[in-house]
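Asks: Okay, structure incoming, though there's no sequence with it:
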Ligand code: ACM
């Protein structure tokens, strides 16, 4: 995962022994050496083999794995990431045009490793691989909740493992400005709560990403989402006599830069100059989303400015602002990128349109397709909002192009997509479980051929990749237990694990609806935070129910019985966790599950439902403390089958 463009599996296998060695092209300047060293570490950890040589060579013709490439490349839009990989019984050859292609191929090879009771081997294959899209990104919002460098780095490693190549770093928002600024130091001093990246750290992250073949795009979100900037420099705001402060809740807020004064542009020019020097990539994201222009409308001087410049709407005024930013960035050698609100009549087609609103706003086609047709390069995020906590299936089914009819030039404008990890409800403890493993399937959508759509095949491979992500430091599986132990105060967590395997956090922003249930400093160690999308037992149970209803065999009845008994014994263990206020809210839910399970066991025996079961089931469908039990639909179907 992602599935290669072309793959032929042979009956050969290359058995790994302690003599396994890697030889890399002597052209390498570090990327492949780093990837190959990590490869050997992962290989020995997975297989348990004590390799005689734990590091790659530049010269050793006896090496089993030979890696060659033509040129060393910097990560940049359109860089060649193709490779070919051939695994035979006695040798493995990995060839690429660039060193970045070579490291993509190494990830593929490691996924071909099989370990049985007797041996570890790479399956024989001939692979010819290249990505479908040039831009395969992950956005991490470090503004709503700060994410330390260690969190960023482990996620970069995971991105590289699934061949993603753009890290979009959302660094400023209403809740914080996260970059150390030497030019405008009040930004990080007054508007970050002390939680910001030093310039040294930022350069270090960029170097780290570069070695993994990942581009880093900074986002400074303006003119809206600007409470943090205006907390530091209120004189740039659109409302006179207004006290700006960091927002502690989630939502869309009014504070907006004043686009009618020279000071604003001088500030942005100096800031962009400083920030661009930290990020070598050609692209620079200016946000531009969700500016409702309330403070613009309320300001008489801004209204007069609009009139004078014949700017009829706030949208026109924002275009005026964007065009000025485009010129500033162009002087710095950068290309402007912004959310789809920036796509207005006079916006030059050099700007990259980042589509997040899809077909909302009454459009006939997505903003992505509209942008491509108008001649803008464009990147899709609508459909890849992983913070909405929907199933991986939902995201996997979103194709950036879909059935749109495009000319070759229009098709070329669609650069790719980005999964967006918005940070309102995540801390370093939980962020990985909101990104992974679903983002691996999104990465496949961006890399693999369009016809790779088999859901069962995806799930099968995703469960393997998910487990392997932990070897890169991703904490999405292990941190569940950290949260559960915090909940039980270090008492046994098994009962909560049983419940969490059929529970999911509320989806599509129904958790924290209105944005005020949680502050930025609220606890994110609730039972909901231990739960994830695609609750594993629910997936299994729901499938069993469908099978049972189609054909109620004895075996299928046993499969269902197994789960009902699991929940009953889970509740029994749960009752031993006494005097715990943190568990009070979910206690009635668990009790209800216990009751429903008992009633279903009876119904499975008698073949009959009853009113008590129907009413208990209704109660089970109500969310509790931002969690919902996701087997209720299946239970309702099952109940109907007895009526
Ligand atoms: C966005 O979600 N406002 C880009």
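Replies: Nice, I can see it. The structure displayed is predicted, hence computed values, not measured ones.

Asks: Next, count neighbours for residue 194.
Replies: Counted with other CB atoms under 10 Å, residues neighbouring residue 194 total 8. All C-beta atoms are positioned from the backbone trio N, CA, C, and that covers glycine.

Asks: Now it: which helix or strand?
Replies: Here residue 194 is covered by no helix or strand, with elements defined by DSSP states H and E.

Asks: what about it, distance to residue 390?
Replies: In this view, residue 194 and residue 390 are 34 Å apart by CB to CB, to the nearest Å.

Asks: Write out the residues of the stretch 301-450 of the chain neighbouring the ligand.
Replies: Counting by CB under 6 Å from any ligand atom, the residues of the stretch 301-450 of the chain close to the ligand are 339, 356.

Asks: Okay, now the unreliable bits of the stretch 301-450 of the chain?
Replies: Along the stretch 301-450 of the chain, the parts satisfying pLDDT under 70 run over 360-362.

Asks: repeat that with 90
Replies: The model of the stretch 301-450 of the chain has pLDDT under 90 over residues 344-346, 358-366.

Asks: Once you drop chain neighbours, what's closest to the closest residue to the ligand within the stretch 501-643 of the chain?
Replies: Closest residue of the stretch 501-643 of the chain to the ligand, CB to the nearest ligand atom: residue 509 (10.8 Å). Distances taken as CB to CB, 6 or more residues apart in numbering put residue 388 closest to residue 509, at 6.7 Å, once the chain neighbours are dropped.

Asks: Could I get the contacting residues of the one you found?
Replies: Going by CB atoms under 8 Å, 6 or more residues apart in numbering, residue 388 touches 507-509.

Asks: ok, now with 10 Å
Replies: By CB atoms under 10 Å, 6 or more residues apart in numbering, the residues touching residue 388 are 394-395, 420, 422, 434, 507-511, 533.

Asks: again, but for residue 605
Replies: 557, 561.

Asks: So it belongs to a helix, correct?
Replies: Yes. Judged by DSSP: H, G, I helix; E, B strand; the rest coil, residue 605 forms part of a helix.

Asks: Pull up the gap between residue 321 and the ligand, please.
Replies: According to CB to the nearest ligand atom, to the nearest Å, residue 321 and the ligand sit 17 Å apart.

Asks: and that residue, backbone torsions?
Replies: Note on residue 321: backbone dihedrals following degrees, to the nearest 10 are phi -60, psi -50.

Asks: That one: what's it in contact with?
Replies: So residue 321 contacts 222-223, 256-260, 264-265, 268, 286, 288, 291, 311, 342 (CB under 10 Å, 6+ apart).

Asks: repeat for residue 289
Replies: Residue 289 touches 221, 224-225, 252, 338-342, 354, 356-357, counting by CB under 10 Å, 6+ apart.

Asks: Quick check: of those residues, which has the highest neighbour count?
Replies: The residue in the contacts of residue 289 with the most neighbours, by other CB under 10 Å, is residue 354 (34 neighbours).

Asks: Surely that one is within a strand?
Replies: Yes. Residue 354: assigned to a strand according to three-state DSSP.

Asks: Around the ligand, pick out the residues from this structure.
Replies: 289-290, 339, 356.

Asks: make it 8 Å
Replies: With CB under 8 Å from any ligand atom as the criterion, the chain comes near the ligand at residues 225, 252, 287, 289-290, 339, 354, 356, 381, 385, 420, 422.

Asks: So which of the residues you listed belong to helices?
Replies: If you go by DSSP state H, the residues of the chain next to the ligand have nothing in helices.

Asks: Just these: which are in strands?
Replies: Judged by DSSP state E, strands contain the following of these: 339, 354, 420.

Asks: out of everything not next to it in sequence, what's closest to the residue nearest to the spatial centre of the chain?
Replies: Nearest to the mean C-alpha position of the chain, by CA atoms, centre = their mean, lies residue 435 at 4.0 Å. Among residues not flanking residue 435 along the chain, residue 421 sits closest, at 5.3 Å (CB to CB, 6+ apart).
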